[in-house]
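Student: no sequence for this one, just the structure:
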């Protein structure tokens, strides 16, 4: 993993480049903790050797796991970072492109990078915090003033 912290007038920009074979959810999480970045927007592009995405099932209050057992392009990876119990929490969704042009997407649960994943985290409103929503059991951004 390689990271670089850039200072912008509107906040920091953290660049995380995940290398071949790395698991991006844990690598990005480690970079967020190392740089103490607890509120931000996340975008990324790259590729995965394999992945697992999820679709949130309201009734089960858990993700239905969707395995992706093939090389895919990360066409879009978008999400946020918020603070929960003083720690950064990464929440990202991915749209993955298959060799035949079809796509699969959902909440990114895990993946194996190949050949790279280029991640940009732009810091925003540090006062954002996540709270567990009693109805869904999910940690959701409470929002300013809540």
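Tutor: Everything's here; your move. On a predicted model such as this, the values are computed, not experimentally measured, just so you know.

Student: partner residues bridging residue 112?
Tutor: Note on residue 112: beta-bridge partners by DSSP bridges are residue 50.

Student: Would you check how far apart it and residue 65 are?
Tutor: 15 Å (Cβ to Cβ, to the nearest Å). Placement of C-beta: from N, CA and C, glycine included.

Student: go on, residue 100?
Tutor: Residue 100 sits 22 Å away from residue 65, going by Cβ to Cβ.

Student: Same check on residue 84?
Tutor: 22 Å.

Student: Over to residue 96?
Tutor: From residue 96 to residue 65 the distance is 14 Å (Cβ to Cβ).

Student: And for residue 137?
Tutor: In terms of Cβ to Cβ, residue 137 sits 17 Å off from residue 65.

Student: Next one, pLDDT for residue 42 please.
Tutor: Looking at residue 42, its pLDDT stands at 97.

Student: Renumber starting at 19 from here on
Tutor: Sounds good: first residue 19 from here, last item residue 60.

Student: which residue packs closest to it, ignoring adjacent ones?
Tutor: Distance criterion Cβ to Cβ, 6 or more residues apart in numbering; nearest residue to residue 60, sequence neighbours excluded, is residue 97 at 4.5 Å.

Student: Tell me which helix or strand comes right after the helix or strand hosting the one you found.
Tutor: Taking DSSP states H and E as the definition, residue 97 sits inside strand 90-102. As assigned by DSSP H and E, the chain's next helix or strand after strand 90-102 is strand 105-115.

Student: Return the list of strands paired to that following strand, each annotated with direction.
Tutor: Going by DSSP bridges, the partners of strand 105-115 are strand 90-102 (antiparallel), strand 121-141 (antiparallel).
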